[in-house]
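Participant: Next come a sequence and a model predicted from it.
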Amino acid sequence: MSKKKVTPYLYIIPGLIILLVFVYYPIIKNVEYSFLKWDLFSGTKKFVGISNFIKLFKSDKFWLALKNNILYILLSLLFQVGLALVFASIIENMKNKKISAMFRATFFLPSLISLTIIGLLFSFIYKTDGVLNSILEFVHLGQFETGWLGNEKTAIFAVIAVSQWKSIGYTMMLFIVAIQRIPAEVYEAAKIDGATPSRIFFDITVPLIRDMLKITIIITISGGLLVFNEVFIMTNGGPYQSSEVLSTLMYQNAFVHGNIGYASAIANIILILSVAFSALQLMSGSKDDK
Amino acid sequence: MKKGNTKKSSYYSLNYILKNIMNKSESTIARLAIVLFFIIIVGPLLWMVISSFKSSTEIFSNIWGLPQKWMFNNYIEAWNTGISKYFLNSVIVTVGTVILTLVLCSLYAYSIAIYDFKGKKLFFLLALCGMMFSPIVSMIPLYQEIQALGLYNKRISLVLVYTAYQMSMSFLLIHSFFKSIDKAYIEAAAIDGCTGLKVLGYILVPMSKPIFITSAILTGFYAWNEFSFALIFVKDDALKTIPSGLLAFQGEMHAEWGVLLAGLTISALPIIIFFLIAQKYFIAGISAGGVKG
């Protein structure tokens, strides 16, 4: 309790200013821009109501981008939640703690490395005369060789694969932390009862880490909605927009075509979708706070 | 169990692990899956490092072997033609962001945790809800703002924006830590005449070192690796941070693949080394946050 009534306000002012200016104000501006037709290069602005949104919903590119985001989400859930959980469970069940620590650290490593590095590295590996194709040839699967990032059908999948490579270790680590909180006695009792590893996994591990499961699902869905870096670096939405996602579509329209209003409409769609999921995360996260 | 630890060969330990898991066939599949995944993770990284010592032509002609001639030169060239300045800029931006975030969040958290005042709940929520908004969504308005504020092409723009988007998480961590500190300390200090900022500086902050470290690591990690704003807000090559600088570097390197890979390796090293040293804090940080970096 302070005698000067104004000091607590003084303390929050610097942080508040930063938050308001760079986090909250842009959100409002985004909404405002989406109702304008605004050309970045000539600077002409014009109020056009919801016509940006109507144009958006009629646009094939929008639905293609959305489809790619959904693909991203589904595959990410499979790998970053499903597979990561399985791996976490296997690693935590290992008797040799040094080996499991080694696996843990190794799998987690890619999630720390800058996406630019990973994106450029894999752009290399995916080259037509690059590493991946040479591996395929080596194992007599040469018929699958393709341009990967240069092939319309495979581009988005190649990019999604890189995302999984980078991020499985991250969610796996979250699961490991959650599994470590399960008391050992529970597992011992199960083993005494003769339970096999898969039964232990489904009947014990999964239910007990429900909270972390919720969190990782939400992180993964948000990640799939907001993905930008990987796609931008590796394909920039190409070839022929086959790997475009909502955020790169927004970038293209804003900074390449100069259609600020239209791009802001896209931004708002992404915002609405992601806020819905973030709000869920906030609510389930606070349940976890002890 | 001790036997497995002291043996050098990990093959022995894997076998040892096998014997200790109940259902043999399930555990074999599990073992295979983990090892396969291990190869998938380590493979590209190992390839990157080995290839970075090769000449451009050798990278494609001799994809799998060790370099015929170890081109250490690649590293020197990478460092001199740009990586060094990207490094410097990343360090400046990251350190700036971490300091600013910690300072602003401590003040903010201190106020909310210790004082009672009108509107406290609202300000608390404002700080917390920042987490819901992803920076990507606000790319366009932020770009306009940065231009309008005259901050375009200046590294400080990155420091400010990164701080803004890291504040919520750091605030959450620091605030709940402050709240958990026994009020008795503060009351005792008040009796000794220590009030206001002195309490923050002499009592709360020293007691909060672990959470500050965790918060610094999370914030630093974000700032070091952030790409989209680094790309959009800073145009001059001399001022770029590593994530966006590398992209420009790739463009410049044309067919100097070895040098490019060397550049990538140099850029990846710091965070890897840092992680191996400070693993404990990293893990504490991500499990507290649960938010994607």
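Facilitator: Received, thanks.
Participant: ok, and the closest non-adjacent residue to residue B:263?
Facilitator: Excluding its sequence neighbours, the residue lying closest to residue B:263 (CB to CB, 6 or more residues apart in numbering or on different chains) is residue B:78, at 3.9 Å. Quick note: C-beta positions are derived from backbone N, CA and C, even for glycine.
Participant: can you point me to the longest helix in chain A?
Facilitator: Ranked by residue count, the top helix of chain A under DSSP state H comes out as helix A:260-288.
Participant: Remind me what it packs against, helices and strands.
Facilitator: Helices and strands touching helix A:260-288, by 3 or more CB pairs under 8 Å, 6 or more residues apart in numbering or on different chains; DSSP states H and E, are helix A:25-34, strand A:36-38, helix A:51-58, helix A:210-226, helix A:246-251, helix B:139-148.
Participant: Tabulate the ones you listed (a markdown table), appending mean pLDDT and distance to residue B:67.
Facilitator: Compiled in a markdown table, the helices and strands packed on helix A:260-288 are given as follows (pLDDT from 0 to 100; distance: least, CB to CB, whole Å):
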| stretch | mean pLDDT | distance to residue B:67 |
| --- | --- | --- |
| helix A:25-34 | 90 | 49 |
| strand A:36-38 | 86 | 53 |
| helix A:51-58 | 89 | 51 |
| helix A:210-226 | 87 | 37 |
| helix A:246-251 | 91 | 37 |
| helix B:139-148 | 91 | 41 |
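Participant: Deepest-packed of the ones you listed, please.
Facilitator: Of all those, helix A:246-251 has the most neighbours on average by mean count of other CB atoms under 10 Å in any protein chain shown, namely a mean of 26.
Participant: just checking, residue A:112 touches residue B:273?
Facilitator: No - checked against CB atoms under 8 Å, the pair residue A:112 and residue B:273 is beyond contact range at 10.6 Å.
Participant: Of the two, which one has the most company?
Facilitator: It is residue A:112, of residue A:112 and residue B:273, that has more neighbours when counted by other CB atoms under 10 Å in any protein chain shown, with 19 against 10.
Participant: can you tell me which of the helices and strands packed on helix A:260-288 comes nearest to residue A:153?
Facilitator: For the helices and strands packed on helix A:260-288, proximity to residue A:153 was assessed by CB to CB; helix A:246-251 is nearest, at 18.3 Å.
Participant: Please save the CA atoms from that closest one in PDB.
Facilitator: The C-alpha coordinates for helix A:246-251 follow below in PDB (Å, rounded to 0.1, in the frame of the first residue of the first chain):
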ATOM      1  CA  LEU A 246      -3.500 -17.500 -45.600                       C
ATOM      2  CA  SER A 247      -0.600 -15.600 -44.100                       C
ATOM      3  CA  THR A 248       1.500 -15.700 -47.300                       C
ATOM      4  CA  LEU A 249      -1.600 -14.700 -49.300                       C
ATOM      5  CA  MET A 250      -1.900 -11.800 -47.000                       C
ATOM      6  CA  TYR A 251       1.700 -10.800 -47.500                       C
END
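Participant: Okay, buried residues for stretch A:79-93 please.
Facilitator: Going by neighbour count (16 or more other CB atoms under 10 Å in any protein chain shown), the buried part of stretch A:79-93 is A:79-81, A:83-93.
Participant: Centre-most residue in chain A?
Facilitator: When chain A is reduced to its mean C-alpha position, the closest residue under CA atoms, centre = their mean turns out to be residue A:223, at 2.1 Å.
Participant: I'd assumed residue A:79 was in contact with that residue.
Facilitator: No - under the criterion of CB under 8 Å, residue A:223 is not in contact with residue A:79, lying 11.6 Å apart.
Participant: count of neighbours near residue B:260?
Facilitator: Other residues within reach of residue B:260, judged by other CB under 10 Å, total 25.
Participant: Quick check: closest non-adjacent residue to it.
Facilitator: Looking at residue B:260 with CB to CB, 6+ apart, the closest residue is residue B:253, at 4.6 Å.
Participant: Stretch A:117-136 near chain B at all?
Facilitator: Yes - Stretch A:117-136 comes into contact with chain B (CB under 8 Å from any CB of the partner chain), by way of A:117, A:120, A:121, A:122, A:124, A:125, A:129, A:130, A:131, A:134.
Participant: Filter those residues down to the buried ones and hand me the ChimeraX line.
Facilitator: When burial is assessed using 16+ other CB under 10 Å, the buried subset of those is captured in ChimeraX by this command:
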select /A:117,120,121,122,124,125,130,131,134
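Participant: Need the residues of stretch A:117-136 next to chain B in TSV (columns: distance to residue A:169 and pLDDT).
Facilitator: Converted to TSV, the residues of stretch A:117-136 next to chain B look like this (distance: CB to CB, whole Å; pLDDT from 0 to 100):
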residue	distance to residue A:169	pLDDT
A:117	15	92
A:120	19	91
A:121	16	91
A:122	16	91
A:124	21	86
A:125	18	87
A:129	29	77
A:130	24	79
A:131	21	81
A:134	26	79
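Participant: Just the ones of the residues of stretch A:117-136 next to chain B in helices?
Facilitator: Using DSSP H, A:117, A:120, A:121, A:122, A:124, A:125, A:131, A:134 are the members of the residues of stretch A:117-136 next to chain B that sit in helices.
Participant: wait, doesn't the first one sit right on residue B:267?
Facilitator: Looking back up the chat, that one is residue A:117. Yes - at 5.6 Å, residue A:117 counts as touching residue B:267 under the criterion of CB under 8 Å.
Participant: tell me, what's touching those two both at once?
Facilitator: Here residue A:117 and residue B:267 share the contacting residues residue B:246, scored by CB atoms under 8 Å, 6 or more residues apart in numbering or on different chains.
Participant: Give me the buried positions along the longest helix of chain A.
Facilitator: By neighbour count, with 16+ other CB under 10 Å as the criterion, the buried positions of helix A:260-288 are A:260-271, A:273-275, A:277-278, A:280-281, A:284-285.
Participant: Below-threshold pLDDT in chain A: ranges please.
Facilitator: Low-confidence regions of chain A, defined by pLDDT under 70, span residues A:1-4, A:142-145, A:281-282, A:284-290.
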